[in-house]
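In: here are the coordinates; sequence isn't available:
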């Protein structure tokens with residue numbers, strides 16, 4: 001049995017950078033990461049289910065929606081839509097997309113806003129996410145997800161509210177979908 005790899009998170013100016021080595025070929029990882037049928041199975045922590053629609057091309061729109069399961073606390077029932085546009089879509093190397101969370105519930109928006117140090121109107125509902133798929137060995141792919149925010153304070157608010165843990169669980173679920 002292959003050992004699960006650790007999800008590593010680092011911070012840069014306005015960015016949260018998440019890296020994970022997935023024990024599968026790059027083409028399979030890219031397909032599982034981008035295909036709406038697969039996204040619905042891995043997107044979000046385990047207390048959520050998800051739906052996904054996507055036009056897999058540059059300029060294509062997408063919408064993923066997380067919905068809390070019975071195990072989710074009441075404040076995490078959702079729905080939590082993530083929508084946007086693919087700015088780049090280069091199979092099997094890279095996806096760059098806008099991330100619009102403006103349709104999230106108001107209580108979630110207030111939670112994020114309350115975690116922004118010295119909040120002064122920064123845009124915390126929109127960001128850009130870049131995902132790079134790098135083949136590092138025959139059956140290993142390094143996935144690097146970089147989320148770029150309006151400010152360091154917005155970045156920190158997301159980080160404080162469980163971004164690392166949420167992505168770690170999502171990437172665990174993604175890897176579980178792939179052939180061993």
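Out: Good, I have the coordinates. Note that the coordinates shown come from a computational prediction; the quantities given were computed from them, not determined experimentally. Numbers count the residues shown, from 1 in each chain.
In: packing partners of the lengthiest helix in the chain?
Out: As assigned by DSSP state H, the longest helix anywhere in the chain is helix 163-177. Identification of packing neighbours for helix 163-177 by 3 or more CB pairs under 8 Å, 6 or more residues apart in numbering; DSSP states H and E yields strand 8-12, strand 15-22, helix 26-34, helix 36-42, strand 140-148. All C-beta atoms are positioned from the backbone trio N, CA, C, and that covers glycine.
In: what's around residue 137, how many residues?
Out: Neighbour count of residue 137, defined by other CB atoms under 10 Å: 10.
In: please name the bridge partners of it.
Out: When bridges are called by DSSP bridges, residue 137 pairs up with residue 140.
In: poorly predicted segments of this structure, please.
Out: For the chain, the stretches flagged by pLDDT under 70 are 1-3, 180.
In: try 80 this time
Out: 1-4, 180 (pLDDT under 80).
In: what's the nearest residue to residue 5 if we skip its chain neighbours?
Out: Excluding its sequence neighbours, the residue lying closest to residue 5 (CB to CB, 6 or more residues apart in numbering) is residue 21, at 4.3 Å.
In: tell me how many other residues crowd the one you found.
Out: 20.
In: so how far is residue 137 from it?
Out: For residue 21, the distance to residue 137 equals 9 Å [CB to CB, to the nearest Å].
In: residue 129: neighbour count?
Out: By other CB under 10 Å, the residues close to residue 129 number 18.
In: quick one: it is in a strand?
Out: Yes: judged by DSSP: H, G, I helix; E, B strand; the rest coil, residue 129 forms part of a strand.
In: in this structure it contacts residue 99, no?
Out: Yes: counting by CB atoms under 8 Å, residue 129 touches residue 99, with 5.1 Å between them.
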